[in-house]
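> output the structure for:
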Amino acid sequence: MKKLILVLLMVILPSFYGFKTLSDNDVYICISKTASKYHYSQNCKGLSRCTHTISKVSVKDAKNRGYSLCGWED
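Next up is the predicted model:
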């Protein structure tokens, strides 16, 4: 019973406190000459205008490429 409670706490508590998971470090970018924003959601309104390839990259990689956070998501 103690193990079950411990597992539940490990799974549920992070969602209440907003802890980031490894996948939270991934963002979406449009690969084009004019794109300059990164997006947390692949369904972001700003990303919907992309007519080129959409790639999933780390936030660090997106910033290194010169991308900044989309205005729809801050």
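> per-residue pLDDT, the nearest residue to Arg49 once chain neighbours are set aside?
If the residues on either side of it in the chain are set aside, Arg49 comes closest to Cys30, at 7.9 Å by C-beta to C-beta, 6 or more residues apart in numbering. C-betas here are computed from N, CA, C, even on glycine. At Cys30, the pLDDT value in this model is 97.
> name the element Cys30 belongs to?
Assigned by DSSP states H and E, Cys30 belongs to strand 26-31.
> show residues contacting the next helix or strand after that strand.
Of the helices and strands lying after strand 26-31 in sequence (DSSP H and E), the nearest is strand 37-39. Contacts made with strand 37-39 from outside it, assessed by C-beta atoms under 8 Å, 6 or more residues apart in numbering, are listed as 27-30, 46-47, 57, 59, 62-63, 67-73.
> from those, which land in strands?
Using DSSP state E, the members of these that fall within strands are 27-30, 57, 68-69.
> can you flag the buried ones in those residues?
When burial is judged by neighbour count using 16 or more other C-beta atoms under 10 Å, the buried members of these are 27-30, 57, 69.
> and those, which is closest to Lys2?
The shortest gap between Lys2 and any of those belongs to Val27, at 38.3 Å (C-beta to C-beta).
> Ile54 is in contact with the closest one, correct?
No: counting by C-beta atoms under 8 Å, no contact exists between Val27 and Ile54, whose distance comes to 10.7 Å.
> alpha carbons only: can I get stretch 52-71 in PDB?
Taking only C-alpha atoms (Å, rounded to 0.1, in the frame of the first residue of the first chain), the coordinates of stretch 52-71 have been written out as PDB:
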ATOM      1  CA  HIS A  52       7.400  24.800 -44.800                       C
ATOM      2  CA  THR A  53       8.700  21.900 -42.600                       C
ATOM      3  CA  ILE A  54       7.800  21.900 -38.900                       C
ATOM      4  CA  SER A  55      10.600  20.500 -36.700                       C
ATOM      5  CA  LYS A  56      10.600  19.500 -33.000                       C
ATOM      6  CA  VAL A  57      13.800  20.800 -31.300                       C
ATOM      7  CA  SER A  58      15.000  21.700 -27.900                       C
ATOM      8  CA  VAL A  59      14.400  25.200 -26.500                       C
ATOM      9  CA  LYS A  60      18.200  25.600 -26.400                       C
ATOM     10  CA  ASP A  61      18.500  24.700 -30.000                       C
ATOM     11  CA  ALA A  62      15.700  27.000 -31.000                       C
ATOM     12  CA  LYS A  63      17.300  29.900 -29.200                       C
ATOM     13  CA  ASN A  64      20.700  29.100 -30.700                       C
ATOM     14  CA  ARG A  65      19.100  29.400 -34.100                       C
ATOM     15  CA  GLY A  66      17.800  32.900 -33.200                       C
ATOM     16  CA  TYR A  67      14.200  31.900 -32.600                       C
ATOM     17  CA  SER A  68      12.200  33.600 -29.800                       C
ATOM     18  CA  LEU A  69       8.900  32.600 -28.100                       C
ATOM     19  CA  CYS A  70       5.800  33.100 -30.100                       C
ATOM     20  CA  GLY A  71       3.600  36.000 -28.900                       C
END
